[in-house]
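> 3D, please:
(chains A and B)
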Amino acid sequence: DAGVIQSPRHEVTEMGQEVTLRCKPISGHDYLFWYRQTMMRGLELLIYFNNNVPIDDSGMPEDRFSAKMPNASFSTLKIQPSEPRDSAVYFCASSQNQGKGNTIYFGEGSWLTVV
Amino acid sequence: AQSVTQLGSHVSVSEGALVLLRCNYSSSVPPYLFWYVQYPNQGLQLLLKYTSAATLVKGINGFEAEFKKSETSFHLTKPSAHMSDAAEYFCAVSFNDMRFGAGTRLTVKP
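Next up, the predicted model:
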């Protein structure tokens, strides 16, 4: 089975540009999570979806960040406009029936550098 | 709210020595607890998880963890460290979502 697939793996962009990160969860998983990892703040949960519906976006840092899940097999995290402090690794993860101790499976991450 | 605290951001052991990575949890309900490992430039992989069955949980690569309710702990151990164990280790607690500790970087000296 394919795992969680993220693209791009690496992106370098200039401040002010729009960045779109993409994720394909594991087939059959009904929860999807976006995390951000930095040295300073560790792993932060940005937002998660259940059955394509955003459930908790309290971790989204500001209005420049937005996430969508138009269908069960695709999600995007968009940053517009991007800033140097957005440089981080962004992980997408998915699981089944979260809340019952089910494992969350992570993608390989998208390494974002904003210059 | 549920949370985990990892004690020690960096642990260094010699090859063949005992590995002990500490995690304490805070939860108002019986928790689901996890240990994940992250190798350089990779995503997180599940090592093991506790879901209220046996209190001693065995995972991959020879790791195990013991759930101790009286101590609100879920420490990760391995009897004998290997060079390939060098990585970042995260403790996590799950309810509707999953919250991670700050991570512990394990260094293994030859």
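> what pLDDT does residue 35 get?
Since no chain was named, I'll use chain A. At A:Tyr35, the model reports a pLDDT of 96.
> that answer is for a different chain, and I need it for chain B
pLDDT, B:Trp35: 97.
> next one: B:Lys109
So, for B:Lys109, pLDDT stands at 96.
> Test my guess that it contacts B:Val13.
Yes - assessed by C-beta atoms under 8 Å, B:Lys109 is found in contact with B:Val13 at 7.1 Å. Placement of C-beta: from N, CA and C, glycine included.
> What helix or strand is the most centrally placed residue in chain A located in?
The residue lying closest to the centre of chain A (C-alpha atoms, centre = their mean) is A:Trp34, at 3.0 Å. Secondary structure assigned from DSSP states H and E places A:Trp34 in strand A:31-38.
> cool, A:Trp111 as well?
Under the criterion of DSSP H and E, A:Trp111 resides in strand A:110-114.
> packing partners for that strand?
Packing contacts for strand A:110-114, counted by 3 or more C-beta pairs under 8 Å, 6 or more residues apart in numbering or on different chains; DSSP states H and E, involve strand A:10-13, strand A:19-24, strand A:88-95.
> So which elements touch the strand holding A:Trp34?
strand A:42-50, strand A:74-79, strand A:88-95.
> With just CA atoms, put the second one into CSV.
In other words, strand A:74-79. What follows is strand A:74-79 as a C-alpha-only set of coordinates in CSV (Å, rounded to 0.1, in the frame of the first residue of the first chain):
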residue,chain,number,x,y,z
PHE,A,74,-6.5,15.2,-1.8
SER,A,75,-5.6,18.1,0.5
THR,A,76,-3.7,21.4,0.1
LEU,A,77,-2.1,23.7,2.5
LYS,A,78,-1.6,27.2,1.0
ILE,A,79,0.5,30.1,2.3
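> what comes into contact with it?
With contact meaning C-beta atoms under 8 Å, 6 or more residues apart in numbering or on different chains, strand A:74-79 is reached by A:18-25, A:32, A:34, A:46-47, A:49, A:64-69, A:86, A:90, A:92, A:112.
> Kindly recompute the last result at 7 Å.
With C-beta atoms under 7 Å, 6 or more residues apart in numbering or on different chains as the test, strand A:74-79 has contacts from A:18-24, A:32, A:34, A:49, A:64-69, A:86, A:90, A:92.
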